[in-house]
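Visitor: Build me a model:
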Amino acid sequence: MKKRMKFSVQLAACGLIVMAFLAKGNAQQAAAPKPPAASPAQVAKPAAPSTAPKASTPSAAAAQAPAAASSPRSAETGDRVVLKVGDQQATEGDLQFLIGRLGAQAQQAITQQGRRPLGEQLAVMLILAARAKSHHADANADFRRQVEFFQLQTLAQSEYQTIANEAVVTPEDVQQYYASHNTEFEEAQLREVILRKKADDAAADDPGLTTLEAKTRAGEIRTKLAATDVSKVAQEFSQPNVVLFDPRPRAVRHGQLLPDVEKAAFQLKDGEISEPIEIPQALILVQMVGRRQVGLPEVTKEIESTLRQQKVDAALADLRNKAAIWMDDAYFAAPAPASANPQTAPPKDSTLPPQH
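Guide: From the prediction side, this is the model:
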């Protein structure tokens, strides 16, 4: 009986090989005979079906039809066998299973290039696997440990997905979360000016401003912003890699800015400009252009995702609490902090192992 490939332990390796192949893109296609060169638009997407009368030359699909009809069937599943390598074989169901678990980019490449590149790489994988078996690589302890770990990982991922599917979020849950986290959905239209500071030990020609220069420049910008057209101020003061000033405001919500910047920004009234906010690398000015409350329909999907993850995390925490978990505290102890005193470091010719 022909051996049927077991995807439960080979799927990840196959996926890596397939992705490595797909990453080569046109370079792989160049090795095969090609029709006359097509335009970029024709290469980017499949051509629409032609309504012209069919030529006498049989199409690729028609040419493959007799082979498909005569393809053997798997004695185990009854599926049509589409690939054989020695005494190993893969069925149509195997390939569909694999394709369904590849990423969107890989699936799109297969749609554009066809399934042959996948089949060719799958054949290479089976050849290499058979060769490894002939060398008894599957008897190696590290190999067995790797297979066992992969099986555990696959089982865990499957159960995680089951828990996620069982985490039901109702419209009432969404409404309640939105009402109790109202401030999270306040959106500000902010205009930012960033003045890059030089490090204290920077060379004279390094980009940036000294702290004094940055504060002086920030004061000038702040004064002119209050009385002059924004685009003119940006044109006057913008300096590549030194003063970053985009006159267009951007939408920002709570949690998307540095804490000090957010605190200053959301205290501003419409049109107000903050005092310079100092961070280690820069001075920042923020102008409040306007604000609004994001409506529930706009953030429903976001809230659903947040609540579903909370339910999954709670389920995992419950499983952990109920499980008998033990860890060797000495083995899992946090690493000792690195010494700040260079004199305590081992000498260069020390026989101690390097610290990572």
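Visitor: switch to C-alpha atoms for all contacts and neighbour counts from now on
Guide: OK.
Visitor: and Ile325, how many neighbours?
Guide: A count of nearby residues for Ile325, using other C-alpha atoms under 10 Å, gives 7.
Visitor: how much space between it and Leu319?
Guide: Ile325 sits 10 Å away from Leu319, going by C-alpha to C-alpha, to the nearest Å.
Visitor: Break down the protein into its helices, ranges please.
Guide: 7-24, 26-29, 40-44, 60-70, 92-100, 104-113, 116-134, 141-166, 171-180, 211-225, 230-237, 259-265, 296-322 (DSSP state H).
Visitor: which one of these lies closest to Pro280?
Guide: Shortest separation from Pro280 across the helices of the chain is recorded for helix 211-225, at 10.1 Å, computed as C-alpha to C-alpha.
Visitor: I'd like to know how far the residue nearest in space to the middle of the chain sits from Ala109.
Guide: Most central in the chain under C-alpha atoms, centre = their mean is Gly103, positioned 11.0 Å from the mean C-alpha point. Here Gly103 is placed at a distance of 10 Å from Ala109 (C-alpha to C-alpha).
Visitor: Check Ser305 too.
Guide: Counting by C-alpha to C-alpha, the separation of Ser305 from Ala109 is 29 Å.
Visitor: on that earlier part again, mind checking which of the helices of the chain is nearest Gly86?
Guide: When the helices of the chain are compared by C-alpha to C-alpha, helix 116-134 sits nearest Gly86, at 8.4 Å.
Visitor: average pLDDT for that closest one?
Guide: In this model, helix 116-134 has a mean pLDDT of 92.
Visitor: Mind giving me the packing neighbours of it?
Guide: Helices and strands touching helix 116-134, as assessed by 3 or more C-alpha pairs under 8 Å, 6 or more residues apart in numbering; DSSP states H and E, comprise helix 7-24, strand 81-85.
Visitor: Just give me the lowest mean pLDDT stretch among those.
Guide: For the helices and strands packed on helix 116-134, where the average pLDDT is lowest is helix 7-24, sitting at a mean of 41.
Visitor: what's near enough to touch the residue lying closest to Asn241 once chain neighbours are set aside?
Guide: What sits nearest to Asn241 in space, not counting adjacent residues and going by C-alpha to C-alpha, 6 or more residues apart in numbering, is Pro207, at 6.6 Å. Residues near Pro207 by C-alpha atoms under 8 Å, 6 or more residues apart in numbering: 196, 198, 241-242.
Visitor: List just the nearest of these to Gly255.
Guide: Nearest to Gly255 among the contacts of Pro207, counting by C-alpha to C-alpha, is Arg196 at 22.8 Å.
Visitor: Leaving out sequence neighbours, find the closest residue to the closest one.
Guide: Distances taken as C-alpha to C-alpha, 6+ apart put Ala282 closest to Arg196, at 4.4 Å, once the chain neighbours are dropped.
Visitor: mind listing what the one you found touches?
Guide: By C-alpha under 8 Å, 6+ apart, the contact set of Ala282 is 194-197.
Visitor: Gly290 contacts Leu190, correct?
Guide: Yes: between Gly290 and Leu190 there is a contact at 7.4 Å, judged by C-alpha atoms under 8 Å.
Visitor: Could you check which of these two is surrounded by more residues?
Guide: Each of Gly290 and Leu190 has its neighbours counted (other C-alpha under 10 Å); Leu190 has more, 22 against 17.
Visitor: And the pLDDT at the more buried one?
Guide: Note on Leu190: pLDDT of 96.
Visitor: I'd like the distance between it and Glu262.
Guide: Leu190 sits 10 Å away from Glu262, taking C-alpha to C-alpha as the criterion.
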